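J.: No sequence on hand, only this structure:
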């Protein structure tokens, strides 16, 4: 009898819940998105798209597991679009054969080809740089101009960074492997670790905070964090942190600063690839690229977008133009390398 | 005979341990049957089998002529379908229910008539004012009576009682026992009661089944059990006894009271005579001549009081007597004797003792 | 006369009343176990797929360190919660001092604070650039961190402290319930045998409460093992971090599942050791006399110490975080208090309540089914089914994703082939999936509580009810459930609060456009945006406080002798027999 009660209560729960959550099975005029990127970044873009097209967009946000979810759901998956925070994530989807090619002339027009998959499986949407933040007072101009400088003896005890295993640092390391080989990258990682002022911890903002407070002099950080801090009204102290540092784009003299792109792709299971492509194209449009730039201080990929004045104020920089596929290929090696040099310990 | 409980050739084991070996018994309607035996003899298991709390492994159980358990068919009617009442040693009153609700628990249809029965029962048992109390505020005796009413309330075909009075202190026990007995007689239900207290069994039972090591040793009326025990174990259930061991010679055994005739045991075999403590009579002084009240064919002996303990209603005496009748200077043995409390001889006093043949039993040595 | 078997009396053929009820229980148990065990089976299945050279790499590099760090974290949190939980439970139960009544429930509240939230809050306060160190520098004129020593919050010690602060209530809850159930007579016996109050505590009360405390500490240890948010934030490399690393950075779910299974085996060994340790001990209430606990009246000095001992965990585990969150929440309520907030809160409450109810029903069902005496293999299955708690949430979520995906696609395929239309996904990506995940993960909480609660009811209660005509289900409903409502409320609270805090499974299994308070908190707090997260975080805590208080009242009442608190009965001397 309890068994019956149990199944009854499950059924009742199902009914109760489904009444307020409409099951978003791919219906016409609705688009379903799996997003690794956070809600507060994506929501303004989605609202703009909904407003423009009248298409309702449903989203599941998660920083992990969306690949496994798509995989388990198979061809019945309701998801049409996948948005990722970086290239290595989307590369896994491609490897697992979960995507279908994007057919959009507009996207091809908006996004330069080096930021799109050659086979058309995914497209970059925005770009960010892995920059170096340096104390305005304690780091002399020219003292640090490259990632390699961070590992040199003169930076001993002066460097802060987040975990070496964080994707941002892993892809940076992967880019160094791609550029100079594994041995050189390992030497760099060891040198960097030796120069650390404290055990890797916190996020990119926390490193700037540490510079402000004098714990260290330089840190690695994504470019947009500077904008987020300097405009933070909720925690005004962050403005001070940002004001205490200069943003440096390393390796301008050689291969350029390491960049990564956020991406979008269409799932293989999508039954409405045209709508999905329309959504991705929208994300590359003037309107969306402007939102990206002003809301999250990222670099638009579309040429000719009027950048947020703050982003523009950091100046132009030379980006590492090596194909991101090479960086993705070195990803696992980079992760292992970080373990090998015990970066986080 | 189709009423009441019949258990046929019951066998039961817990793992490798056999606790019941081929036990049969009948508890007739309107009668109180006692399962008597030391702890661990299997009597509680038998009760639980009757209740259906254990599944029958071997043998059959019939209630009012209907099979409720059959080991051969692996059939065991669940307890809730048997129409039995069981009262536990610890009463197992439901702590979350009031006295009234405890009693009414088993009644399927609480009619005005059953309600009245409960009220009357509460009144009868002196529990009326505790009707709405919870079990934990009741004394042991009150809890016992609630448990009894609860077991009887659904009008069971048979009532099973597991050591119903063991939780009570001695001073209350006799009274509660008597009340319970009267109440049960009024109800006229068949009762199967488990106890290890022979006095209780004697007092309550119409029929006593003595068990030992998972077997029935003797079954019969209290009189049969007390006066005709089948072996030393049954005899000793009713209290420690004086043992006199020896080898049968010319159809008799030598005891302090003289030769005890043992026609049933051949000469040359080991035998023993057991005499109850209260079966030894004592008169003060050195008897010269045959004491009056003593049967003519009985022998007596003279001994010395070693210790005397006044226990109230009775006194317990240790009397040292010659081991063999007629050899006053030979080996001595100590007799344990219970006499009326008014008699309290001094230590060292000389007394004459003789054994009541009705309270003496002869058995072959084990 | 009765020694010979009487003639067979009943020739009438009985209508053989078979006992189908037993089959219902066995079948139901089997079904529940199967349903709940499936995701774990899938995780094991995933672990059996090859993961390349990841193990070699891990063994060569970080594995040893991960294991040592994890063990240190577990031992630290285990000891911390043991001391604080058991100590405060004893003080509150046995001593009288000002504030005792409040501490009875207040000590439970930190349980409602998610470990990752308390970690964010204290980092905010205690790190080098936080206000505390700032004040110290101002006061003493220090220039940089090299001038003075201050404990590093982002460290193993910090993680141990944070987790201890929010996890000790698990031990407190179970220890206190156990202390309350102990007969005063046993303690008084100990006192008369020459043991002082402290010795009585260590020699009698503590050993008697050991099973309960062991359950509490093992819950704590499993929570510790599975924590990811705190250790990630504090950059402490534990096993669960290793699992995420293998999965997300090395793109090897199978490697992650292998690590998770290793963790699972470790937990099983722990549980086994604990059970083995008390295999011969059976705890029954030997004395039926239970009176109001005496309450040692403490001297002012000791009362102050007792007060502090109880106040400090509440202050650190609840008041300070709540104050920090509360002040942010007030400052920024205009940004955060919108329609979405109410929907999010409603989602959290509804989902957690349903999961708690389902978990309780399933847990009680399994525990009672075991009590009815099922075969050995069902016992084994039940234990296996309740292992979900020991699998890291995210890994379990993968198991559920794969299981439900397989189920959905199998149903869809069958219907397509046989009936000719597509059912699509029935379970995947629905509230059902999330609720199912919660139940799988937290069943061991409700099952364990139900089992413990049932264990305290003597078998004679069953016998009494059964012989009075109540079937197994009626016995459960009429006798066991009312008696063990304290245990059940405890279990419901534990599951509810845990569901409110649950993160990885909610994130991975949820439907479209679905936020809970926990997911909302996490998306901001993980980015160190505490102000935005504060209102939701505070809401989780508040939602936990209400049941915590209710529970505490229930526990105090569930003590034997409190079934009818409205009736101030004295134990009367038995009146003369009629």
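T.: Sure thing, it's come through. Just so we're clear, the structure is a prediction, and the values are computed from it rather than from any experiment.
J.: all helices of the stretch 101-250 of chain A, in order?
T.: A:105-110, A:147-150, A:167-180, A:182-195, A:204-212, A:223-230, A:237-243 (DSSP state H, counting those that start in this stretch).
J.: right, and those - which one's nearest chain B?
T.: With Cβ to the nearest Cβ as the measure, helix A:204-212 is the member of those nearest chain B (55.3 Å). Just so you know, the C-beta spots here come from the backbone N, C-alpha and C atoms, and that holds for glycine as well.
J.: just how off-centre is that closest one within its chain?
T.: For helix A:204-212, the separation from the chain centroid amounts to 19 Å (computed by Cα atoms, centre = their mean, to the nearest Å).
J.: One more: stretch A:329-343?
T.: The chain centre lies 19 Å from the centre of stretch A:329-343; the measure is Cα atoms, centre = their mean.
J.: Contacts for it next, please.
T.: Outside stretch A:329-343, the residues that touch it by Cβ atoms under 8 Å, 6 or more residues apart in numbering or on different chains are A:88, A:91, A:163-165, A:169-171, A:173-175, A:177-178, A:182, A:185-186, A:189-190, A:192-193, A:200, A:344, C:57-58, C:60-62, C:65, C:245, C:249-251.
J.: Just the buried ones among those, please.
T.: Buried subset of those (neighbour count, 16 or more other Cβ atoms under 10 Å in any protein chain shown): A:88, A:91, A:163-165, A:169-171, A:173-175, A:177-178, A:182, A:185-186, A:189-190, A:192-193, A:200, A:344, C:57-58, C:61-62, C:65, C:245, C:249-251.
J.: now the strands for the stretch 51-200 of chain C?
T.: Under the criterion DSSP state E, counting those that start in this stretch, the stretch 51-200 of chain C contains strands at C:95-96.
J.: show me where pLDDT drops low in it?
T.: Across the stretch 51-200 of chain C, the ranges flagged by pLDDT under 70 are C:129, C:144-146, C:182-198.
J.: in it, which spans are helices?
T.: Ranges of helices in the stretch 51-200 of chain C, per DSSP H, counting those that start in this stretch, are C:54-60, C:63-94, C:100-106, C:115-126, C:131-140, C:156-181, C:184-192, C:197-200.
J.: could these be laid out in a markdown table, adding distance to residue A:100?
T.: Listed next are those as a markdown table, based on distance: least, Cβ to Cβ, whole Å:
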| stretch | distance to residue A:100 |
| --- | --- |
| helix C:54-60 | 30 |
| helix C:63-94 | 39 |
| helix C:100-106 | 57 |
| helix C:115-126 | 37 |
| helix C:131-140 | 53 |
| helix C:156-181 | 44 |
| helix C:184-192 | 71 |
| helix C:197-200 | 72 |
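J.: Mean neighbour count, those helices: which tops it?
T.: Of all these, helix C:156-181 has the most neighbours on average by mean count of other Cβ atoms under 10 Å in any protein chain shown, namely a mean of 26.
J.: For chain C, what is the nearest residue in chain B?
T.: Here chain B gets closest to chain C at one residue, residue B:106, 3.0 Å apart by Cβ to the nearest Cβ.
J.: near chain A, which residues of the stretch 51-200 of chain C show up?
T.: Contact residues (Cβ under 8 Å from any Cβ of the partner chain) of the stretch 51-200 of chain C with chain A: C:57-58, C:60-62, C:65, C:123, C:127-129, C:143-145, C:152, C:154-155.
J.: Quick one: closest of the helices of the stretch 101-250 of chain A to chain C.
T.: Of the helices of the stretch 101-250 of chain A, the one closest to chain C (Cβ to the nearest Cβ) turns out to be helix A:204-212, at 4.9 Å.
J.: is chain C contacted by that closest one?
T.: Yes. Using Cβ under 8 Å from any Cβ, we find that helix A:204-212 touches chain C at A:205, A:206, A:209, A:210, A:212.
J.: Please report phi then psi for the closest residue to the second one other than its chain neighbours.
T.: In this case it means residue A:206. Computed as Cβ to Cβ, 6 or more residues apart in numbering or on different chains, the closest residue to residue A:206 that is not its neighbour in sequence is residue C:528, at 6.5 Å. Torsion angles at residue C:528 (phi, psi; degrees, to the nearest 10) stand at phi 60, psi 40.
J.: Okay, now the unreliable bits of the stretch 1-150 of chain A?
T.: Residues of the stretch 1-150 of chain A that meet the cut-off, pLDDT under 70, sit at A:1-28.
J.: show me the contacts for the residue in the stretch 351-500 of chain C that chain B sits nearest to.
T.: Closest contact between the stretch 351-500 of chain C and chain B, by Cβ to the nearest Cβ, is at residue C:468 (3.0 Å). Applying Cβ under 8 Å, 6+ apart to residue C:468 gives the contacts B:80, B:85, B:105, B:106, B:150, B:151, B:154.
J.: Number of residues surrounding the second one?
T.: Looking back up the chat, that one is residue B:85. Residue B:85 sits with 28 neighbouring residues when counted by other Cβ atoms under 10 Å in any protein chain shown.
J.: How about the last one?
T.: Neighbouring residues of residue B:154 were enumerated by other Cβ under 10 Å; the total is 19.
J.: Okay, and it sits in which element?
T.: Counting by DSSP states H and E, no helix or strand carries residue B:154.
J.: is it true that residue B:162 touches residue B:91?
T.: No. Residue B:162 is beyond contact range of residue B:91, at 10.0 Å (criterion: Cβ atoms under 8 Å).
J.: in its sheet, what does the worst-scoring helix or strand of chain B on mean pLDDT sit against?
T.: Every helix and strand in chain B was compared by mean pLDDT, DSSP states H and E; the lowest is strand B:258-261, with a mean of 80. Next to strand B:258-261 in the sheet, as set by DSSP bridges, lie strand B:252-255 (antiparallel).
J.: tell me the secondary structure for the spatially closest residue to residue A:164 that is not a sequence neighbour?
T.: In space, and not counting its chain neighbours, residue A:164 is closest to residue A:343: 3.3 Å by Cβ to Cβ, 6+ apart. At residue A:343, secondary structure determined by DSSP: H, G, I helix; E, B strand; the rest coil is coil.
J.: number of nearby residues for residue A:343?
T.: Residue A:343: 22 surrounding residues under other Cβ under 10 Å.
J.: Check residue A:197 too.
T.: Other residues within reach of residue A:197, judged by other Cβ under 10 Å, total 21.
J.: do residue B:197 as well
T.: Using other Cβ under 10 Å, residue B:197 has 17 other residues around it.
J.: Quick check: the gap between it and residue B:204.
T.: 10 Å (Cβ to Cβ, to the nearest Å).
J.: Spell out which parts of the stretch 201-350 of chain C neighbour chain A.
T.: Applying Cβ under 8 Å from any Cβ, we find that the stretch 201-350 of chain C lies next to chain A at C:233-235, C:237, C:244-245, C:247-251, C:253, C:331-332, C:335, C:350.
J.: And those, which of them are buried?
T.: Buried residues within those, counting neighbours by 16+ other Cβ under 10 Å: C:233-235, C:237, C:244-245, C:247-251, C:253, C:332, C:350.
J.: For the residue of chain B closest to chain C, give me its contacts.
T.: Applying Cβ under 8 Å, 6+ apart to residue B:106 gives the contacts B:85, B:150, B:151, B:153, B:154, C:467, C:468, C:469, C:470.
J.: In space, what's closest to residue C:258 - neighbours in sequence excluded?
T.: Excluding the flanking residues, the one nearest residue C:258 by Cβ to Cβ, 6+ apart is residue C:47, at 4.5 Å.
J.: Distance-wise, check that neighbour relative to residue C:389.
T.: Separation of residue C:47 from residue C:389 (Cβ to Cβ): 18 Å.
J.: ditto for residue A:308
T.: To residue C:389, residue A:308 is 47 Å away according to Cβ to Cβ.
J.: ditto for residue A:145
T.: Taking Cβ to Cβ as the measure, residue A:145 falls 52 Å from residue C:389.
J.: cool, residue B:196 as well?
T.: In this view, residue B:196 and residue C:389 are 47 Å apart by Cβ to Cβ.
J.: quick one: which of the two has more around it?
T.: Counted by other Cβ under 10 Å, residue B:196 and residue C:389 do not tie: residue C:389 has more neighbours, with 23 against 18.
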